[in-house]
Every structure is written in structure tokens, then in C-alpha cells.
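>>> for reference, the sequence and a predicted model appear below.
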Amino acid sequence: MTGGYTTQFRTLFTELQRYVRLQKRYLALDTAEKLVALLSTVAVVLVCFVLGAITLFFFTFALALWIGNMVDNNAGGFLCIGAALMMGLYIFYKNRTSWIIKPIARFVVGLFAQTEADMDSEDTEEEESHE
């Protein structure tokens, strides 16, 4: 009878080791998935930002020259565009929390909270299947 318990405990211990290994593997894959999503989003935003900045530079340069030709003073055109950009920068700075910080925080929290919700739904499904 003692041998039966020993075998059962050994089997239980082996299964527990396997479960821990699988959980570590799952955690590594889940972390890698989230990191890929985060880094790919950062890369896309960075490329869009750089291309948008270059485009904005050329459009504002052209607009400054056009305004300069309209007022017969190129420096005046560049000053108008510079003033408009400074106003835009001020508005952006004042709204940075709602335009930048909160959306990024929601994205990151949603990315990591999604796992919690998935795990909760899996636990509920397992409990329902055992009943």
C-alpha cells in the first residue's frame, strides 16, 4: 500500500513540475507577444511622426514663401508661419495629457489587462466544464 502512495506522489510531483514549466513558457510567450505589440506600435508611430514632420516642414516652408510673396516680404511670411507654429505648440502642450499621455496609458493598460480578462474567462470556462 505504501508503494501506491509513493507512486501517486511521484506522479503528482512530476505533473506539478510539468505544470510549472508550462506556466513559465506561457508567461514568456505572453510577455513576448505584448512586447512585440508594444514595439511595433512604437515603430509605426515613430515612422509616422518622422514622415509627418518632414511633410509639415515642406508644407510650412511653401506656405511661408507663398505668404511672403503675397506681402512682398519673405521674412514676414516666415514670421507668420513661425507665430502660427508657436501657437500650435502652445495648444499642444496645454492638451498633452488628453492627447498623448491618456491614450498611451489606456493602450498599455489595455494590453496588459487583456491577459487578466482572458485568464478570468478561461477560469470560468474550466469551472463550467468541471460541473
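Received, thanks.
>>> just the pLDDT at the most centrally placed residue in the chain, thanks.
When C-alpha atoms, centre = their mean is applied to the chain, the residue found nearest the centroid is Leu38 (4.2 Å). pLDDT recorded at Leu38 is 91.
>>> element containing it?
Per DSSP states H and E: Leu38 is located in helix 2-70.
>>> would you check how far apart the residue nearest to Phe92 when sequence neighbours are not counted and Ile91 are?
Take Phe92 and drop its neighbours on the chain: the residue closest to it by C-beta to C-beta, 6 or more residues apart in numbering is Trp99, 7.1 Å away. The way it works is simple: take the backbone N, C-alpha and C, and place the C-beta from them, glycine included. Trp99 is 10 Å from Ile91, where distance means C-beta to C-beta, to the nearest Å.
>>> same check, this time on Gly52
Taken as C-beta to C-beta, the span from Gly52 to Ile91 is 17 Å.
>>> what does Thr97 give?
Relative to Ile91, Thr97 is positioned 13 Å away (C-beta to C-beta).
>>> and for Val36?
Plainly put, Val36 is 34 Å away from Ile91 if you go by C-beta to C-beta.
>>> what's the burial count for Ala28?
Neighbour count for Ala28, taken as other C-beta atoms under 10 Å: 10.
>>> equivalent analysis for Tyr5, please.
Neighbours of Tyr5 under the rule other C-beta under 10 Å: 9.
>>> okay, it: pLDDT?
On the pLDDT scale, Tyr5 is placed at 84.
>>> number the residues from 446 up from this point.
Taking 446 as the first residue, the last one we looked at is Tyr450.
>>> what sits against it?
Counting by C-beta atoms under 8 Å, 6 or more residues apart in numbering, Tyr450 makes contact with nothing.
>>> how close does Arg463 sit to Val495?
48 Å.
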